[in-house]
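1. take a look and give me a structure for this.
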Amino acid sequence: MPAPDRPRPDRRPNGGPRGSQRSRQKPSERSKHAEPARLTAYTLLRAVDEGAYANLELPAIIRRHRLDSRDAAFATELAFGTLRMQGLYDAVIERAADRPTSKIDSGVLDVLRLGAHQLLGMRVPSHAAADQTVGLARTVSGAGASGFVNAVMRRISERTREEWVAQVVPTDGSTAALALEYSHPEWVVSALRGALVGHGRASGDTVDAELRELLESDNTPAKVSLVARPGLATVEELVRAGATASPTSPFGAVLESGDPGAIRAVRERRAAVQDEGSQLVAVALASAPVDPDVPNRWLDLCAGPGGKAGVLGALAVDAGADLVAVEVSEHRAELV
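-> Numbers count the residues shown, from 1 in each chain. Reported below is the predicted structural model:
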């Protein structure tokens, strides 16, 4: 791993001179309150820290903060982007704060993660990212935390994303290095590498190149996928509401933009937000051949939060099957 060095005062992400009057403002002179969109993103991160599902929790938080469509889109990208790249951002924060993340208050750490994503993963001007992150810290953690957040944000803003990657990611090309750079669990990177080799997709020097492409693709925000629960809604109904029929799932549709909750079938729970992979798992199980002389019984042994169980339950009606959905975690069972 490259040795740490002192930040270069003449560099900033946009290439301009360092040390503008605004960037040198004291925390007390900066934004004193958090914007609703950033507060929404912070609220979601805190809920995820406590075990909530981000995709299930965010719509309710957006409604609670009464965000319009533009602010809701910003809050979604800020929160989901931060969660997606948390591993890398934590390494950057540790270097910029000169302390491990375990020594930083969890609420303040979430504020810094959001700030890091604005600086390194979004097109938010440095001064706006710093001002609003300090304001968020003041709102949720008090004035005492704002000075620390201000200092860390200034350190982070002194390098581009590429420069930070060069600072915190080992250059040995190991699984651990790729896991950190692309913010994936090591076991996922290892499994993907093994799959590429095992299925003959890549070999030698081409493995790492294709593996990087896979990891990069996995970090690309997905479009919103909807499922029309069989017997309750149709893909055609979702298409009429503005979605596009899925090319992979017979019950799926893709929503390019807009609020899924505005679609009547979603509000009535006849349709739902669900990725196409999960839909296809349910389709594969329902399509498996069974002995006609044996009672047709289906078991979902890990049913929470209930997306696949919802599709399986609808398919079971047509198949004349009984579905039993089991979930060991009480709060996940309630979601089913």
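2. give me the below-cutoff pLDDT ranges for the stretch 101-250 of the chain.
-> Residues of the stretch 101-250 of the chain meeting the criterion pLDDT under 70: 202-204.
3. that one: strands as residue ranges?
-> 224-228, 244-245 (DSSP state E, counting those that start in this stretch).
4. kindly reformat those as a markdown table containing mean neighbour count.
-> Any C-beta I mention is one placed from the backbone N, CA and C, and that applies to glycine too. Below are those laid out as a markdown table (neighbours: other Cβ atoms under 10 Å):
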| stretch | mean neighbour count |
| --- | --- |
| strand 224-228 | 25 |
| strand 244-245 | 15 |
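5. kindly reformat those as a markdown table containing distance to residue 154.
-> Compiled in a markdown table, the strands of the stretch 101-250 of the chain are given as follows (distance: least, Cβ to Cβ, whole Å):
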| stretch | distance to residue 154 |
| --- | --- |
| strand 224-228 | 36 |
| strand 244-245 | 44 |
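6. ok, which of these comes nearest residue 311?
-> Smallest distance to residue 311 across the strands of the stretch 101-250 of the chain (Cβ to Cβ): 6.2 Å, for strand 224-228.
7. how about the closest one as CSV, C-alpha atoms only?
-> Provided in CSV are the C-alpha atoms of strand 224-228 (Å, rounded to 0.1, in the frame of the first residue of the first chain):
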residue,chain,number,x,y,z
VAL,A,224,-36.2,0.3,-11.3
SER,A,225,-37.6,-3.1,-12.1
LEU,A,226,-41.3,-3.9,-11.4
VAL,A,227,-43.1,-7.2,-11.1
ALA,A,228,-46.7,-7.7,-12.1
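8. so how far is it from its chain's centroid?
-> Relative to its parent chain, strand 224-228 has a centroid offset of 18 Å by Cα atoms, centre = their mean, to the nearest Å.
9. got a list of contacts for that strand?
-> 234-235, 237-238, 243, 246, 249, 251-255, 260, 263, 265-266, 270-276, 279, 307, 310-311 (Cβ atoms under 8 Å, 6 or more residues apart in numbering).
10. can we see that at 6 Å?
-> Here strand 224-228 makes contact (Cβ atoms under 6 Å, 6 or more residues apart in numbering) with 234-235, 238, 243, 251-255, 260, 271-272, 274-276, 279.
11. can you check stretch 60-67 too?
-> The contact list for stretch 60-67, computed with Cβ under 6 Å, 6+ apart, reads 36, 40, 43-44, 72.
12. between those residues, which is closest to residue 335?
-> The closest of the contacts of stretch 60-67 to residue 335 turns out to be residue 44 (Cβ to Cβ; 16.6 Å).
13. per-residue pLDDT, that closest one?
-> What the model reports as pLDDT for residue 44 is 97.
14. and the helix or strand hosting residue 63, how far from the chain's centre?
-> Assigned by DSSP states H and E, residue 63 belongs to helix 54-65. Centroid separation between helix 54-65 and its chain, computed with Cα atoms, centre = their mean, is 14 Å.
15. now swap in stretch 49-67 and tell me
-> Offset of stretch 49-67 from its chain centre (Cα atoms, centre = their mean): 13 Å.
16. quick one: buried residues of it?
-> By 16 or more other Cβ atoms under 10 Å, the buried positions in stretch 49-67 come out as 52, 54-55, 57-58, 61-62, 65, 67.
17. do the same with stretch 110-125
-> Across stretch 110-125, burial judged by 16+ other Cβ under 10 Å covers 110-121, 124.
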